[in-house]
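Trainee: sequence and predicted structure below; questions after.
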Amino acid sequence: QVQLVESGGGSVQPGGSLRLSCVFYGFTFSNYVMYWHRQAPRKERELVAAITSAGGGTIYPDSVKGRFTISRDNAKNMVYLQMNNLKSEDTAVYYCEARELRPPNADYWGQGTQVTVSS
């Protein structure tokens with residue numbers, strides 16, 4: 001069984017930065033593609049970043065491209081989301097997801113961490 005625990009959320013002013021962390025409790029972290037999603041009140045959940053199992057590939061939607069950076073440390077079972085130049089519209093609960101590459105292609109989610117961007 002896999003457990004994901006996010007941390008690093010908080011309140012920041014527009015233009016500020018935060019770094020979210022997600023620790024993966026389980027086996028063979030390197031078998032999982034990792035994602036960060038967010039969900040703001042009254043909005044649908046949105047993918048904000050993804051990183052391949054070895055860390056060589058990343059994707060971002062246009063809304064965060066150039067401001068957010070996903071990274072992972074397979075030796076520490078950690079995935080990170082560096083968020084710079086934060087805007088009020090980045091306010092949301094941020095969730096970490098692990099998706100297994102191989103069958104049974106299990107899918108796990110963390111409990112979320114709140115990010116609030118406000119002056």
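Mentor: The structure has been received and is ready for your questions.
Trainee: number of nearby residues for the nearest residue to R45 once chain neighbours are set aside?
Mentor: Excluding the flanking residues, the one nearest R45 by Cβ to Cβ, 6 or more residues apart in numbering is Q39, at 4.4 Å. Every C-beta, even on glycine, is put in place using the N, C-alpha and C of the backbone. For Q39, the neighbour count with other Cβ atoms under 10 Å is 14.
Trainee: one more: E100?
Mentor: 16.
Trainee: how near is the nearest residue to it once chain neighbours are set aside to G16?
Mentor: Leaving aside its sequence neighbours, E100 sits nearest to A106 (Cβ to Cβ, 6+ apart; 4.5 Å). Per Cβ to Cβ, to the nearest Å, A106 is found 35 Å from G16.
Trainee: can you report phi and psi for the residue nearest to E100?
Mentor: Backbone geometry at A106, expressed as degrees, to the nearest 10, gives phi -60, psi 160.
Trainee: and the most centrally placed residue in the chain, what does it touch?
Mentor: By Cα atoms, centre = their mean, the chain has its centre lying nearest to W36, at 2.7 Å. By Cβ atoms under 8 Å, 6 or more residues apart in numbering, the residues touching W36 are 20, 22, 47-50, 68, 70, 79, 81, 94-97.
Trainee: which one of those residues is nearest I59?
Mentor: A50 (4.9 Å; Cβ to Cβ).
Trainee: which residue, neighbours along the chain excluded, lies closest to F29?
Mentor: N77 (4.4 Å).
Trainee: look at the one you found and report its pLDDT.
Mentor: At N77, the model reports a pLDDT of 97.
Trainee: hmm, it is touching T28, no?
Mentor: No - at 9.6 Å, N77 and T28 do not qualify as touching, with contact defined as Cβ atoms under 8 Å.
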